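> Okay, sequence plus prediction incoming.
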Amino acid sequence: MSVTDAVIPAITVDHLTYAFPGGVVGLHDISFDLASHSRTLLVGANGAGKSTLLRILAGKTLAKAGSVRVQGCDPFRSALAGVTYLGTEWASNATVRHDMAVPVLLSSVGGDAYPDRRDELVEILDVDLAWHMHAVSDGERRRVQLVMGLLRPWSILLLDEVTVDLDVLVRSRLLAFLERETSSRDCAVVYASHIFDGLAEWPTNLIHIHMGRILECGKPADIIANTSLPKRATTLTYNSNSALLELALKWLSEDLKDRGRREDVKRLRWDEISKNDKDGGMNLSAFDAYFKFSRAR
Ligand SMILES: Nc1ncnc2c1ncn2[C@@H]1O[C@H](COP(=O)(O)OP(=O)(O)OP(=O)(O)O)[C@@H](O)[C@H]1O
């Protein structure tokens, strides 16, 4: 039995449906199990529901219908010490823009309690300890944030595309680190990404999400073997363009067709906005002023 077939699921989602305040349904009747030691790649178009799902798994959002268990507990009701969520809010945290030295920041998040891990992450993410956070590039800032976020050993790591501004070398080293972690410790990673470079052999599981529904869930090799892809991509690794990327391109093209023309949706919304504007509910002149301003520049 491989490690990814371990019996106790790290995450169990059972008939989960989630509606945003206001009634828009974000997730429809989702069910899946993820084992400890797994690395799951969430694949879906913009707006498919990846962040919504990750936020529920992180316990940041309450799901009222269906059940979610992370390490056997309801993530919303239990403070799960071993769950680390690095998502969009985390990425835009203003604290890391102040004039603060990197060692101070790392100590403030418990770096001194895990010196070996801290030093390994500093090395992997190529962080310069002399940096001050108000005077670094976006990618450098993200590297420091990732050292901070990954410092404490986690059991479940939820990553919502926070590697987008890393250079390819650092991203590849980070993925290798996550692979070592999930192979050597009792832990699992769920990673939402739009970038498939270097990911061909990384995930142990794929989840394809479209308009809040899971369309596919399983091992990449099984999914690829059962999917008709362009002839050039029939193995997991294919020279410059991986089968995984081909699979994602196929899924997202089909999803786009399934969603239908945005024009139709837009026309409906536009009618609604114009009506609100007439009613005084929304002032479109503010948008006109904004566009005039941006053109003038
Ligand atoms: N507060 C909200 N109220 C209503 N609908 C929302 C709200 N937040 C998000 N949505 C909608 O829910 C859907 C899923 O959003 P979500 O952020 O989960 O997508 P995503 O797959 O993470 O997209 P991306 O790849 O762009 O990050 C989108 O259609 C979005 O417009």
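Sure thing, it's come through.
> contacts, neighbours, all on C-alpha from now
OK.
> Helices of the stretch 101-250 of the chain, start to end?
Listed in chain order, the helices of the stretch 101-250 of the chain (DSSP state H, counting those that start in this stretch) span 102-108, 115-124, 138-150, 168-184, 220-225, 243-259.
> ok, and for the first one, which residues are buried?
Across helix 102-108, burial judged by 16 or more other Cα atoms under 10 Å covers Val102, Pro103, Leu105, Leu106.
> The shortest one too?
Buried residues in helix 220-225, counting neighbours by 16+ other Cα under 10 Å, are found at Pro220, Ala221, Ile223, Ile224.
> residues in contact with the first one?
By Cα atoms under 8 Å, 6 or more residues apart in numbering, the contact set of Pro220 is Pro203, Thr204, Asn205, Leu206, Leu244.
> hang on, the earlier thing: would you reformat the buried residues of helix 220-225 as JSON lines and include distance to Leu53 and pLDDT?
Conversion of the buried residues of helix 220-225 to JSON lines gives the following (distance: Cα to Cα, whole Å; pLDDT from 0 to 100):
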{"residue": "Pro220", "distance to Leu53": "20", "pLDDT": "89"}
{"residue": "Ala221", "distance to Leu53": "24", "pLDDT": "87"}
{"residue": "Ile223", "distance to Leu53": "21", "pLDDT": "91"}
{"residue": "Ile224", "distance to Leu53": "24", "pLDDT": "87"}
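> Please tabulate the buried residues of helix 102-108 in CSV and include distance to the ligand as additional columns.
Converted to CSV, the buried residues of helix 102-108 look like this (distance: Cα to the nearest ligand atom, whole Å):
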residue, distance to the ligand
Val102, 29
Pro103, 31
Leu105, 28
Leu106, 28
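> lowest-confidence helix or strand of the chain?
Ranked by mean pLDDT, DSSP states H and E, the weakest helix or strand in the chain is helix 285-296, scoring a mean of 46.
> thinking again about what came up before, next, format the buried residues of helix 220-225 as TSV and append distance to the ligand.
Shown next, in TSV, are the buried residues of helix 220-225 (distance: Cα to the nearest ligand atom, whole Å):
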residue	distance to the ligand
Pro220	20
Ala221	23
Ile223	21
Ile224	22
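> show me what contacts the closest residue to Cys187 other than its chain neighbours?
With Cα to Cα, 6 or more residues apart in numbering as the criterion, Cys187 has its nearest non-adjacent residue at 4.2 Å, and that residue is Ser155. Ser155 makes contact with Gly82, Val83, Thr84, Asp186, Cys187, Ala188, according to Cα under 8 Å, 6+ apart.
> Filter these down to the buried ones, PyMOL style.
Burial among those is assessed by 16+ other Cα under 10 Å; the matching PyMOL selection reads:
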select buried, resi 83+84+186+187+188
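> quick one: which of the contacts of Ser155 sit in strands?
Val83, Thr84, Ala188 (DSSP state E).
> Within range of the ligand, give me the residues from the stretch 1-150 of the chain.
Neighbours of the ligand within the stretch 1-150 of the chain, by Cα under 6 Å from any ligand atom: Phe20, Val24, Gly26, Gly44, Ala45, Asn46, Gly47, Ala48, Gly49, Lys50, Ser51, Thr52.
> Looking at these, which are in helices?
Under the assignment DSSP state H, these contribute Lys50, Ser51, Thr52 to helices.
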